[in-house]
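*Asks:* I would like to see how this sequence folds:
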Amino acid sequence: MKRNIKKTIHWVIAFSTISLITACSEPESTGEEMSITGTIVTSENFEGKTFHVSMFHAQSGIGFQQHPLYEIESFTTQSPNFEHSFLYSPEGNTGLVVYAWLDNDGDGINCTVSSRKDLQARM
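*Replies:* Modelled structure (predicted):
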């Protein structure tokens with residue numbers, strides 16, 4: 001009898017663990033693959049510096065839950081000319097906003113309280 005209870009407990013624990021792992025995992029990414037090509041224009045010397053580029057949905061959500069600027073993805077580039085592919089999910093989302101900034105101080109953070117040397121660029 002004790003053996004059957006131990007076996008049952010092991011199966012319940014195993015099933016619970018597997019259920020927890022699959023319930024907390026990320027859903028499979030859906031959407032269409034898109035490519036974006038652009039040129040970042042700046043008067044600043046960018047040699048040896050990094051551009052940070054972020055893509056956002058202009059609007060995300062449905063109805064009263066709609067909000068602006070939901071981040072899709074970010075990447076870095078050493079060149080002002082870039083090409084990047086990403087998954088765009090139109091479900092509940094509209095528009096595309098691309099934002100770039102030049103990391104002048106090399107800290108990887110855009111405009112902190114102690115340093116405002118980083119530049120936003122237009123594309």
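
*Asks:* Setting aside sequence neighbours, what's the nearest residue to the residue nearest in space to the middle of the chain?
*Replies:* For the chain, E73 is the residue whose C-alpha lies nearest the centre (C-alpha atoms, centre = their mean; 3.1 Å). Of all residues not flanking E73 in the chain, F86 sits nearest, at 4.9 Å (C-beta to C-beta, 6 or more residues apart in numbering). C-beta: built from backbone N, CA, C; applies to glycine.

*Asks:* Can you check what pLDDT the model gives the one you found?
*Replies:* Turning to F86, the model gives it a pLDDT of 93.

*Asks:* That one should be in a helix, yeah?
*Replies:* No - the assignment for F86 (DSSP: H, G, I helix; E, B strand; the rest coil) gives strand, which keeps it out of a helix.

*Asks:* F15 is in what secondary structure piece?
*Replies:* Assigned by DSSP states H and E, F15 falls within helix 2-24.

*Asks:* Go ahead and confirm F86 touches M34.
*Replies:* Yes - using C-beta atoms under 8 Å as the test, F86 is close enough to M34 to be in contact (6.2 Å).
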